[in-house]
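Engineer: The following block contains a protein sequence and its predicted model.
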Amino acid sequence: PPAAVSFKTWHALGDGERLSHAQGAFLALTQHLQLVGDDQRDLNPGSPILLAQLGAARLRAQGLLGNMAAIMTALGLPIPPEEDTLGVVPFGASAFERKCRGYVVTREYGHWTDRAVRDLALLKAKYPG
């Protein structure tokens with residue numbers, strides 16, 4: 001999911017809306033990072049560092065997903081149900097398409113992670129206890 005909403009629009013959302021969007025994004029990112037890891041395992045089998053970094057990114061996304069669910073529960077907000085965000089994946093994608101997919105997924109992971117850090121800092125300031 002793209003993190004392409006302007007800062008002004010994102011900041012105008014309520015806490016629950018921002019958390020819900022972020023929670024959905026990290027759910028999708030965990031699934032997409034798994035796909036990218038599988039792609040890269042096939043495309044770059046001799047790159048254990050890359051594969052380890054993708055695995056670590058997926059674990060971090062899962063951790064953020066769990067943390068957001070805990071925060072939403074503590075704030076009395078509903079947690080959106082988990083869903084399959086990948087749907088049908090074209091397994092016949094070319095190497096170029098899979099590398100592009102990996103780039104887009106990791107770029108969005110970075111954007112969403114930055115946004116989540118900012119949002120969690122705002123929530124911490126708003127709910128200090």
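Structural biologist: Perfect, thanks for sending it.

Engineer: ranges for the strands of the protein?
Structural biologist: Counting by DSSP state E, the chain forms no strands at all.

Engineer: Okay, now the unreliable bits of it?
Structural biologist: Within the chain, the ranges that satisfy pLDDT under 70 run 90.

Engineer: Would you tell me which helix is longest in it?
Structural biologist: The helix that spans the most residues within the chain, counting by DSSP state H, is helix 95-126.

Engineer: Can you give the distance of it from its chain's centre?
Structural biologist: Distance of helix 95-126 from its chain centroid, counting by C-alpha atoms, centre = their mean, to the nearest Å, is 6 Å.

Engineer: what about G24, neighbour count?
Structural biologist: By other C-beta atoms under 10 Å, 17 other residues sit near G24. Bear in mind the C-beta positions are built from the backbone N, C-alpha and C, glycine included.

Engineer: looking at it, it is touching I79, isn't it?
Structural biologist: No. Counting by C-beta atoms under 8 Å, G24 does not reach I79; the two are 10.3 Å apart.

Engineer: Give me the nearest residue to the residue most central in space within the chain, chain neighbours excluded.
Structural biologist: Of all residues in the chain, the one closest to the mean position by C-alpha atoms, centre = their mean is F26, 3.0 Å from it. Spatially, and ignoring its direct neighbours in sequence, F26 is nearest to L65 (4.2 Å; C-beta to C-beta, 6 or more residues apart in numbering).
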